[in-house]
Every structure is written in structure tokens, then in C-alpha cells.
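Asker: Curious how this folds, go ahead:
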Amino acid sequence: MSSLSAELLSVLDPGPDCVALQNTTSYRKHIKENASTLDEIEAKAGIVRACDALHILFADKVITPETSSYTEEKQVNWSTTCWLPAACIVKLENTAEVALALRIVTFTNVKFAVRGAGHNSNPGFASIGEDGVLLDVKALNQVTLSEDHKVCSVGPGATWEKVYEELEKNELVVVGGRSAGVGVGGLILGGGMSHFSNHWGMVCDNVKSYEVVLADSRVVNANAKEHPDLFRALKGGGANFGIATRFDLIAYADHEIWYTLKLYGSKDIEKVMKAAVEVQKAMDEDDRIGFFLSVKIGFLITELSVLMPETLGTQHSLAFALSMADAAKRETGTAAVGLDLELYKELCELLQSIATSDQVALSFAFQPIGKAAVEKGKVSGGNSMNIPPINQSWLGIMVEWKDDTDDEKAHLQIEQFVAAAESKAKSRGLLQDFKFMNDAGYSQNVLEGYGQEAIDHFTAIGRKYDPHGVFARGQNDGFLVPR
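Answerer: Numbers count the residues shown, from 1 in each chain. Have a look, this model is predicted:
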């Protein structure tokens, strides 16, 4: 194996089929000036040497437990269960830095995780303990509109409310997340559900091109013409195939929406569920309707939104209305169920029977998705999720709590609810194999729900673009393709 300095210089000189990296002159000079120090670090050197090498290259962009800002950086993640003690955190600012940092990580053979906005609640997915490196890409948060206003290029570290805010200056919008604080990268790679998935398809269906740092630190564009097999795999395939550093999204003029949020007491479950079922059926006929229903102890919250010119607000204002920013421990789960009034009522009653603690807040949301969303995905070239083309609802299940003494109780509640909900749906022939990655808990097998054809495709893409299994074995955790 060549020296580390030679490896890093090779990253800055990619082959003819790769994206040319920008602003590399200073790094090229710095690597050459520090070559002897870098080359003292041997391959498979371990976590201490990995952080040392990263510090040589990136200086104060590397945060260690001894750094005054370490605690603040560790606590970026939305769920406090993900405030893990990484050996070092590297605050990367552009694609070249991502490629160089990944080469150091692979050269020293250490575990790593990638964090954008840090909204994933699964410990270890966008966080890592003291045996690994956290590659933080939240500074890659650019929001750039093309000259013809048809495409918006967005970095993985941007949050959706910032994207909407920037685009609304030009009365435009992209298909994205529903809540403030949610990051671009994780949502798109997990498929992504917007307010109007039936109208536009999944969020990933609206990506024209991905810029991706591959396992060997080459940078490529993946789209319908360049690496189309990788392009399809990235649409819902998670963090299995590279680190996405830019998403080129289709821009639309439908930035104004009408929406309403209503609160109902649990005594109204029968009436609310009947209305919810009717609205969900109507979504099959009118794909401009968006509807979500949150069920909590003692009350229900409905969100009804419609794309229309006369408006109460915009995607930006609605994102803030739905924000959940308070620090708390969180665990999530999901299940996909067919449309059925009696099942919906049973699920509401189930929550009331399981969520019996004042210190633990268990809730779930009905998130309707119809066959129109699947068809829109096919029109845009297809994604990798194999969503069944039926009127269904993806349950977004979450438990929140604050006190460490309630850890076991919280985990048990969400585990019981998921299992019981699946059992009730299965008994009615309404349980789907599909599991929505963005809502899934760490113990759920998301990729299995995509079907064997999708798994075989992922395996083939992994062998082609990541033959040594960097992302399957070196990445700390995630919904990873087995290698």
C-alpha cells in the first residue's frame, strides 16, 4: 500500500470519469508540506492515528473531547440518545474535504458515521462512540438556484425550512421534508415523504442528480445518464453507496398552500377516523390533497393541506408549525397498513392502552400514501423502494422521554405498540412488508421490506461501487446491505 500522503494526493487527481474537485490548491500544498508526518501513520493505524491525521490536514476543524466546543458539537443530534462520544468530529465544508477525510478513515481502518442535520433518532446512525470518527457535513448547506430557475442544488447539511425560505424569494419550492430542523441528506436518501407525495411522488423521485463521494473517494454524478444504476439505488437506498454532497432538485412554482391544523379530544375518535378515511379515499381522486393525523394520549391532531393559489401559508411556514425542536430522548418505529376504518380505530385504542406513563410520551401518526405516489415515481425513472401501489398509511411511531430511569419503559412501550399494531393489521390481511426508512427504528429490517429484487440490486451496486465494503462494514450503523 502507498503512503498516506500519496493516497491523499491521488484523491485530488481523480480520473477522467469523475467530478473535478474545486479549490484543492491549498490542500495539495499542505499535504506535500506535511508528507513526512502523514507518512509516519501506517495503514490500519487505529483511531488515535486517524484523528491525528485528520488534525494535520484539517487543523481546528477537528473537534476532540479536549476541545472546548466538543460538548456542543456532540449535542447537535435531535435525539439525546444520539449524543455519543466520538473520538473526534470533523467539520467538513466542501466535497473535496469529504473525499480527503473519507480516505483517511479508510486508510486507518476505523469506524465512521456521517452526520448532516442529525435528525435521525437511531443511536449510531448519524453518531458514533469513542472508537470512531464522526464526519460532520452540516456546513455543506448550500441552496443554489439554476439560472433558468428549474433546478435547485442543495447540500446534505441544509435543513428544509432554510431551503424553502431561500426558494420562496423566487416564489418557488422543491419537494422536501415537512418539519423544520429535518436535514436534506438523510430524508432524501431514506426516500422522503412530503406534504404532497401523491402529487409529486416521493422526495427522492424529484432528484435530477446526486453528487456522491464513493468508497475510494472518487466523486461522481449519478443521474439518468451518468451511473444510472447508482442513481436508482440512491433513491431510497440509504447510506449504503457513498456520501452524497449535493442534490439537484426539481423546482416547482407551487410554493403556496392552504393548510389547517385541528385538535380533537379522544372522545371524538370515531368521528375523526371516519373523516380521516374519507379524506384518504379522496386523495386517490385528487392528488393535490395532503393529510396527516397524529394520535397522542387524550387527543388527536389533523393536518390537512391543499395545493392552491389562494393560500393561508407556504411550505416554509408549515414546516415551522410542525417543528419538534426540544431536547429529548427519542425512539422511532414504523409499519405500513392498508386503509381500513376498523383497523384505524383499533390502533387509536391500542395507543391509549399502552401509553400509560406520564413520563413517557408515546404517539403515532397516520401518513397516507396512495398508488398515485408510486406512479409518479415510475414516471421519474423509478426508485429502489418497491412501494406497493395501493392506498395505505405509513405509521410514524415515536416515543419521547427525558429521564434515564425511563429508558427501559420507553423502549418497551414502542416495542409493544409496533408488535401489536403489526399483529392487528396482519389479522385483517392489511399489513404490508414495506417499512418506511425515514421513520424506522434501529431493530427493524427495512431493506427486507423492499423485496429480494431490491436487495439483489443493492448487493450488485455495492460490489460495483464499493468492492471492499467500506460503507457496509466501515460505517458505524444504519440500514446497511449485508456484505
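
Asker: alpha carbons only for contacts and neighbour counts from here, please
Answerer: Noted.

Asker: Need the per-residue pLDDT for the nearest residue to residue 92 once chain neighbours are set aside.
Answerer: With sequence-adjacent residues excluded and distances taken as CA to CA, 6 or more residues apart in numbering, residue 92 is closest to residue 137, at 5.4 Å. As predicted, residue 137 sits at a pLDDT of 98.

Asker: next one: residue 50
Answerer: 97.

Asker: ok, now the one 5 residues further on?
Answerer: Looking at residue 55, its pLDDT is 97.

Asker: what's the distance between it and residue 212?
Answerer: Using CA to CA, to the nearest Å, one gets 24 Å for the distance from residue 55 to residue 212.

Asker: what about those two, which has more around it?
Answerer: Each of residue 55 and residue 212 has its neighbours counted (other CA atoms under 10 Å); residue 212 has more, 26 against 17.

Asker: Does the more buried one belong to a helix, a strand or coil?
Answerer: strand (DSSP: H, G, I helix; E, B strand; the rest coil).

Asker: Next one: it relative to residue 247, how far apart?
Answerer: Distance from residue 212 to residue 247, by CA to CA: 9 Å.

Asker: Okay, now the unreliable bits of the chain?
Answerer: Applying pLDDT under 70 to the chain flags the ranges 1, 304-325.

Asker: Let me see the ranges of the helices in the stretch 301-450 of the chain.
Answerer: 315-321, 341-354, 371-379, 407-427, 446-450 (DSSP state H, counting those that start in this stretch).

Asker: quick one: whatever helix or strand comes next after the last one to chain centroid distance?
Answerer: So the one you mean is helix 446-450. Using DSSP states H and E, the helix or strand that follows helix 446-450 in sequence is helix 452-465. Distance, stretch centre to chain centre, for helix 452-465: 20 Å (CA atoms, centre = their mean, to the nearest Å).

Asker: elements contacting helix 452-465?
Answerer: helix 228-234, helix 446-450 (3 or more CA pairs under 8 Å, 6 or more residues apart in numbering; DSSP states H and E).

Asker: Can you list the buried residues in the last one?
Answerer: This points to helix 446-450. 446, 447, 449, 450 (16 or more other CA atoms under 10 Å).

Asker: Likewise for stretch 138-157?
Answerer: 138-145, 151-157.

Asker: Now the terminal residues of it, how far apart.
Answerer: By CA to CA, one end of stretch 138-157 lies 4 Å from the other end.

Asker: what's in contact with that stretch?
Answerer: Identification of contacts with stretch 138-157 by CA atoms under 8 Å, 6 or more residues apart in numbering yields 91-94, 115-117, 137, 158-159, 163, 166-167, 174, 183-186, 244-252.

Asker: Swap in 6 Å and give it another go.
Answerer: Here stretch 138-157 makes contact (CA atoms under 6 Å, 6 or more residues apart in numbering) with 93, 116-117, 137, 158, 184-185, 245-251.

Asker: next one: stretch 330-338
Answerer: 79, 121, 392-400, 430-432, 435, 439-441.

Asker: check contacts around the residue nearest to residue 92.
Answerer: By CA under 6 Å, 6+ apart, the neighbours of residue 137 are 92, 116, 157.

Asker: What's the separation between the first one and residue 392?
Answerer: What it means is residue 92. From residue 92 to residue 392 the distance is 40 Å (CA to CA).

Asker: go on, residue 105?
Answerer: For residue 105, the distance to residue 392 - CA to CA - is 42 Å.

Asker: The two: which has the busier surroundings?
Answerer: Taking other CA under 10 Å, residue 105 and residue 392 do not tie; residue 105 has more neighbours (27 against 23).

Asker: Quick one: neighbours of residue 451, just the number.
Answerer: 16.

Asker: Could you find the closest non-adjacent residue to it?
Answerer: residue 386 is the one closest to residue 451 (CA to CA, 6+ apart), at 7.2 Å.

Asker: thought that neighbour was touching residue 450?
Answerer: Yes. Applying CA atoms under 6 Å, one finds residue 386 in contact with residue 450, separated by 5.4 Å.

Asker: where exactly do the strands run in the stretch 101-250 of the chain?
Answerer: 111-115, 132-136, 143-145, 151-154, 173-174, 207-213, 219-223, 243-252 (DSSP state E, counting those that start in this stretch).

Asker: Good, we can wrap up now.
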